[in-house]
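In: what follows is a predicted protein model with its sequence.
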Amino acid sequence: MFFRHTFATNMTAEIKNNILQKVAALFFRYGIKSVTMDDIARELGMSKKTLYQFFENKNDMLTQIFQMEEMRDIEMTKCIIAEAENAVDELLGFAKHGVEEFAKIMSSSTIVYDLHKYYRDLWSSFEANMNRRIYDGTKANLERGKREGLYRPDLDADMLAKLYVRQLMSFIDEETFPTKQYNKVQLFKQYLVYHVHGIATQKGITLFNDKMKALFGSEPRL
């Protein structure tokens, strides 16, 4: 009985996860506001009745997409920390993951607009959780780098982690960095170089320069 219950629960979770991934792709392609539950049911080849067995409405669906993305981000962060040989490796792992996520979000101006205009509370909650995770990861990375002699020993990890988060969030601000004028991924890479040259010892900078070229295929430039 327990095995059957566990198997059924896992199957239900797998079905929901598959639906959420496909719906997220729809939102990125067409925006959130313009996609209806009828559109989703038609795209997935299932009835709305079946959809409503898993989700109350489109808002609930969007909430669960955010939750799925948060869990995926947490697991990815754990993997990066576990596999990193040192603080610079860890920072570049975070950066690579961040660039991929940032590029995905910014690939659809429609979804960004819809989130800010129609789903502000949900976006604000997601943004706050994301900021907290970035702050925690950055602070821990700064402390690790100090212990390893790769970052300057006089750094205030708390202060710099907060500054780092604030700077990253400014890249999304269309008034400060309009997408038509700035390549957001290149902007992030440029800021990463700026950040490391401000926190690292010469040993850390040398290691970063070598790793940066191998990871992103370009020489780091300040």
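Out: In hand now; what should we look at? What you see is a predicted model; the values in this text were computed from it and never measured.
In: now the closest residue to Tyr191 other than its chain neighbours: which helix or strand?
Out: If you skip the residues right next to it in sequence, Tyr191 has Gln167 as its closest partner in space, 6.2 Å away by C-beta to C-beta, 6 or more residues apart in numbering. In short, each C-beta sits where N, CA and C put it, glycine included. When secondary structure is defined by DSSP states H and E, Gln167 falls within helix 157-170.
In: what's near enough to touch Lys184?
Out: 102-103, 106, 171-172, 177 (C-beta atoms under 8 Å, 6 or more residues apart in numbering).
In: just to revisit the earlier point, give me the distance between the next helix or strand after the helix holding Gln167 and the centre of its chain.
Out: Tracing the chain C-terminally past helix 157-170 and defining elements by DSSP H and E, one meets helix 184-199 next. Computed by C-alpha atoms, centre = their mean, to the nearest Å, the chain-centroid distance of helix 184-199 equals 17 Å.
In: in whichever helix or strand comes after helix 184-199, what's buried?
Out: The helix or strand immediately downstream of helix 184-199 is helix 202-216, counting by DSSP H and E. Judged by neighbour count (16 or more other C-beta atoms under 10 Å), helix 202-216 contains these buried residues: 204-205, 207-209, 211-212, 216.
In: and the two most separated of the residues you listed?
Out: Spanning the widest gap among these are Gly204 and Phe216, at 17.3 Å by C-beta to C-beta.
In: on that earlier part again, from Tyr118, how far off is the residue nearest to Tyr191?
Out: 27 Å (C-beta to C-beta, to the nearest Å).
In: just the element for the residue sitting nearest the centre point of the chain, please.
Out: Centroid-nearest residue in the chain: Glu101, 4.6 Å away (criterion: C-alpha atoms, centre = their mean). Assigned by DSSP H and E, Glu101 belongs to helix 87-106.
In: mind giving me the packing neighbours of that helix?
Out: In terms of contacts (3 or more C-beta pairs under 8 Å, 6 or more residues apart in numbering; DSSP states H and E), helix 87-106 is packed against helix 58-83, helix 109-118, helix 120-147, helix 184-199, helix 202-216.
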